[in-house]
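> could you work out the structure for the sequence below:
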Amino acid sequence: MWVDEAGGRLVDDQAEIPADLVRTLLSVLRQRLGLDAAWLSSFTDGAQVIEVLDGNTDNMGLAPGQRSPLSETYCVRVIDGRLPAVIPDTSSNRTTAVLPITREYNLGAYVGVPVLGAVGTSSGMVCVVSQEAKPYLGDDDLKLVRQVAELIGTLIESPVRSADTADQRRAIRRVVMEHDFEVVFQAIHDVAAGKVVGVEALARFPCEPFRPDAFFEQAAQLGVGIELETAIVVRVVSLMPQLPDDVFIAINISPAAALVVPWAEILADVDSARIVLEITEHTAVPNYAALDDVLESCRAMGIRVAVDDVGAGFASFSHVLELGPEFVKIDQSITRHIDVDDARRRLAQAIAEFAGQIGAAVIAEGVESQGELDAIGAAGIPWAQGYYLSRPTSHTHGFPAAAVTATPAEPLQPAAVDLLGERRFELALTHSPIGMAVVGLDGTFLRTNRALRAMLGYSRRTLSNMTFQDITHPDDLDSDLMFVNECLEGKRRSYRMDKRYIAADGHIVWCALTVVLVHAPRDRPRCFVSQIVDVTADRVREAELARRAATDPLTEIANRSAAWNRIEELHANNDGYGVLFCDIERFKAVNDLRGHHAGDQLLVEVAARLLASVEDDDLVARWGGDEFLIVTDSVEDHGLGLLADRIKDQFDSTPVTLSDGSQVQVSLTIGYASHQPGDGRSVDAVLDRADQAMYEQRRRKRPARRRSPVARGH
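Below you'll find the predicted structure:
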């Protein structure tokens, strides 16, 4: 604690600061903002301690020296970015509306700013609160609180205890040396279409100071910043094969790290054209010439460049001109409230126009409402990312084409107290709108809430006699158990994953699972607390979008892209396969004589008959126009010839009847080829052989043309 035993002074190793001075500052701050109370707190042993308090607190239950578990406070959520620093109405914020501390302190409005310690960590908080909502609170009020917090921090100069500082430094070095960090991906969306065009790779860390920007800053101060950035680049590149092929991957990198990362070596085995280097810089770039040389060599490999945080800090227009990026990312400070702020809207339009003049695409960051998304689109900004569209996820497959969904209540964080003994936890468990469970170390369900039981269809008694292993889909169980074991071994304290649950009636429920390990005294594992959100609808939508992307819209069979993927997969696995090119003879005449509607009907019927002619494992695809492709596991010419004859018989024996009752006799020209393991043929070579065989068949069917006398003379 900072206050001495008499309660009259704030103390540190160097000086004593009168608490009355701090109280005066808090009083001025409280009155300027028109709020009820203000306090200065310190963070000690996992708790927030109110050191100095000013204002009318009779109905709020606040008192100097009062301790609250830090994990339950607004403060820790403001510091790590889960809550904004200004909350004009706590009932309108999904997180604060359900936090027990909101009711305990009768909080209606809140502004909070951390007090930074000697090494840049948050050692305490200046908070100003009111029992009533205060809709007028905004950025100007936050600026004033921040100035007071900085002044108090300067007066106190509270040093972090040397032992704690040393432990934290060791933890940071261990994270860097062991590469003990997580990489998550946040989707970047096309504003008009909603589909995902790219993802931004983001690092998350398992120890103090947790917040990524603070972690990078302290790693740099310890001399391991570039090593950390390089390790993150390597990790992201290793995950690229698991990401959708049609999205780019943005990797944050500082200019200092960009100069020394061995790009050619790291990117030797991946498609560099999918990578976007997002240049992040919170101080001026000392040598643009050197950075430009490195970026040019990267561009020669197909890499593109983005400038991050345009409109804030050092990311000025001159900075953009120096780097000549392919992407410009508008800082979230401009995006925030852009739908109700004409100045922000005009600035965003100016940036978009400027980017267009230099040939750069624009991405708006920090979109958190439909109004902001609409304003972004109206400003001519084509791409956007933010929590309203989709949150960062470690799941690398199937990013949603349009992920505009309500976000669930925030995941529980590890606490230094016994959660199960707290009445507030019991109330949160009971009334939570999402599934929650307390799970024993052996997987048994100790507690479940109504939302979870309704989601899965089990009764309380049934679940109490089951384990999570019993209702986990077999394909997801190993991953889940791996994370559980890592928690029990002390390698992590929480995890998140998408997994499938088996409901009581046997159907599959896709869920986003967040699990936190709760410790008993002496840091012994006690139980797990799980939050489970039903994302089945999102999965179904993703599957339907994937199906549409691989389906020809007219014939409802596989399209060219799907056929390519099947062939390349077989080739990569060195599996034998055969392909048949099927071309409709005189198809143009049908279109010319009967119209395109008749031609479409003919294509649909041909697709249906081809499907009826092949085995279930064979793939029939519309290759383009009036050409179809069949991919089969047969590799012998004799078998491929028999399949071609069977297909021709389907059409020779029965004409196609159109909707007007007329009939069309259809003939197909078919050429085939195969790939056998070890024959050295590439995919292109196999397709070319089948294509040539098809045209050879067509040439043989055509009667020989008579040469004119002039031609014979030559």
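> would you mind measuring from residue 85 to residue 577?
59 Å (CB to CB, to the nearest Å). All C-beta atoms are positioned from the backbone trio N, CA, C, and that covers glycine.
> so which of the two has more stuff around it?
More crowded of residue 85 and residue 577, by other CB atoms under 10 Å: residue 577, with 24 against 18.
> who does the more buried one form a beta bridge with?
Beta-bridge partners for residue 577, by DSSP bridges, are residue 675.
> so it makes contact with residue 631?
Yes. With the criterion set as CB atoms under 8 Å, residue 577 and residue 631 qualify as a contacting pair; they are 6.0 Å apart.
> quickly list what's touching both of those two.
Among the neighbours of residue 577, those also in contact with residue 631 (CB atoms under 8 Å, 6 or more residues apart in numbering) are 567, 570.
> do you know how far residue 196 is from residue 361?
Distance of residue 196 to residue 361, computed by CB to CB: 15 Å.
> tell me which of these two has more neighbours.
Between residue 196 and residue 361, counting by other CB under 10 Å, residue 196 is the more crowded of the two (24 against 19).
> show me what the more buried one is bridged to.
According to DSSP bridges, the residues that bridge with residue 196 are residue 189.
> pLDDT score for it?
Each residue has a pLDDT score; the one for residue 196 is 90.
> now it: how far from residue 546?
Residue 196 is 12 Å from residue 546, where distance means CB to CB.
> anything in contact with each of those two?
For the pair residue 196 and residue 546, no residue contacts each of them under the criterion CB under 8 Å, 6+ apart.
> which pLDDT value belongs to residue 88?
According to the model's per-residue confidence, residue 88 sits at a pLDDT of 94.
> test my guess that it contacts residue 137.
Yes. Counting by CB under 8 Å, residue 88 touches residue 137, with 4.3 Å between them.
> between those two, what contacts are shared?
Taking CB under 8 Å, 6+ apart as the contact rule, the neighbours common to residue 88 and residue 137 are residue 109.
> for these two, indicate the residue with more neighbours.
For the pair residue 88 and residue 137, the greater number of neighbours falls to residue 137 (22 against 19), based on other CB under 10 Å.
> among the helices and strands of the protein, which has the poorest mean pLDDT?
helix 709-713 (a mean of 37; mean pLDDT, DSSP states H and E).
> which residues touch stretch 242-253?
In this structure, residues lying in contact with stretch 242-253 by CB under 8 Å, 6+ apart are 185, 187-188, 196-202, 229, 232-233, 236, 240, 261, 274-280, 304, 306, 308, 327, 396-399.
> now do the contacts for the nearest residue to residue 662 once chain neighbours are set aside.
Once its chain neighbours are removed from consideration, residue 662 has its nearest residue in residue 594; the separation is 7.5 Å (CB to CB, 6 or more residues apart in numbering). Taking CB under 8 Å, 6+ apart, we find residue 594 in contact with 658, 662, 664.
> could you report the pLDDT at residue 594?
In this prediction, residue 594 carries a pLDDT score of 86.
> assumed residue 261 was part of a strand.
No. Assignment of residue 261 by DSSP: H, G, I helix; E, B strand; the rest coil gives coil, placing it outside any strand.
> shouldn't it be in contact with residue 233?
Yes. The pair residue 261 and residue 233 passes the contact test of CB under 8 Å, sitting 6.0 Å apart.
> that older thread, buried subset of the contacts of residue 594 as a ChimeraX selection?
The following ChimeraX line selects those of these that are buried, judged by 16 or more other CB atoms under 10 Å:
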select :658,664
